[in-house]
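S.K.: Give me a model of this one.
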Amino acid sequence: QVQLVESGGGLVQTGGSLRLSCAASGRTFSSYAMGWFRQAPGKEREFVAVISGSGGTTYAANSVKGRFTISRDNAKNTVFLQMNSLKPEDTAVYYCAADFRFPRTSSPSPREFASWGQGTQVAVSS
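M.R.: Got it, this is the predicted structure:
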């Protein structure tokens, strides 16, 4: 399994931006589909966005489309989540996830990903 470490979380005002990063270990990073999920207190972990190994295919949850962008740099073994126009409802712990298989649907379950990071907190104040 690949080891994942997220960074870039923090406190931001409504309408602000943050860029999350997820650094992965190993030499086969480009073989992994990479995803971002989030979990708010008392809620289930939910899908945010996913990107294929080559970076050519991405999906995003309807709640973040047009505001969040997932990207990756395979030379640096890193995946990013650019978050713009943040809202208080975006407040959550954000997790990076990896799996060899790209999800079959545009809204994958967390169970479809084998490797997880420890999470990074994002808080959006109103």
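S.K.: ok, which stretches of the protein are strands?
M.R.: 4-7, 10-13, 18-24, 33-39, 46-51, 58-60, 68-73, 78-83, 92-99, 115-116, 120-125 (DSSP state E).
S.K.: For residue 22, give the beta-bridge partners.
M.R.: Residues in a beta bridge with residue 22, per DSSP bridges, are residue 6, residue 79.
S.K.: so who does it touch?
M.R.: By CB atoms under 8 Å, 6 or more residues apart in numbering, the contact list for residue 22 reads 4-7, 34, 36, 78-81, 96, 117. (Each C-beta comes from the backbone N, C-alpha and C, glycine too.)
S.K.: I'd like the distance between residue 109 and residue 74.
M.R.: To residue 74, residue 109 is 25 Å away according to CB to CB, to the nearest Å.
S.K.: excluding its backbone neighbours, what's nearest residue 120?
M.R.: residue 9 (3.4 Å; CB to CB, 6 or more residues apart in numbering).
S.K.: Residue 65 - how many residues pack around it?
M.R.: 11 (other CB atoms under 10 Å).
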